[in-house]
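Visitor: Give me coordinates for this.
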Amino acid sequence: SFQNVEDWLALVKKIFPDQSQMPYLGLVGNKVDMSHLRAVKAEMHVQLAEANLMKSFYVSAKTGDSVNSTFYRVASDLAGVALTKPEVQVASKVVKAEIINHPDAPQQAAAASEGQRDAKGKKCVVQ
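Guide: Residues are numbered from 1 along each chain as shown. Predicted coordinates:
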């Protein structure tokens, strides 16, 4: 939701009354994977970001979609480095891991603690 966003923006504008001296502002929308559950629709997100000279990002905390590329883009913006589309695409690859809830999956937890072998026989543990 946009809860408290207007208050934060008002505070930033009070501290930085000269628009040319504004700090980097980014608006991150979550639940890109579940648009039907988003509290703020994409049109409202874009409208608020554009009206307040903010960068606009969309991520999924659940799947990890665009999380890495968002941080990568923010860092490059702050450093003044222009990214190419292939550079952003490399940063946006999602690494999938299975989250094991120990009480609900004791067999999976035991297998994870011992490590699992991939197709090449290498041991892999995600913690």
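Visitor: list the helices and strands the helix ranked longest in the chain packs on?
Guide: In terms of residue count, the longest helix belonging to the chain (DSSP state H) is helix 67-79. Helix 67-79 is packed against strand 55-58, helix 85-91, with contacts defined by 3 or more Cβ pairs under 8 Å, 6 or more residues apart in numbering; DSSP states H and E. C-beta coordinates here come from the backbone N, C-alpha and C atoms, glycine included.
Visitor: quick one, which of these is packed in tightest?
Guide: Ranked by mean neighbour count under mean count of other Cβ atoms under 10 Å, the helices and strands packed on helix 67-79 are led by strand 55-58, which reaches a mean of 17.
Visitor: What lies in contact with it?
Guide: Here strand 55-58 makes contact (Cβ atoms under 8 Å, 6 or more residues apart in numbering) with 24-30, 32, 42, 45-46, 49-50, 66, 70, 73-74, 77.
Visitor: So among those residues, which ones count as buried?
Guide: With neighbours counted using 16 or more other Cβ atoms under 10 Å, the contacts of strand 55-58 contain these buried positions: 27-30, 32, 45, 49, 66, 70, 73.
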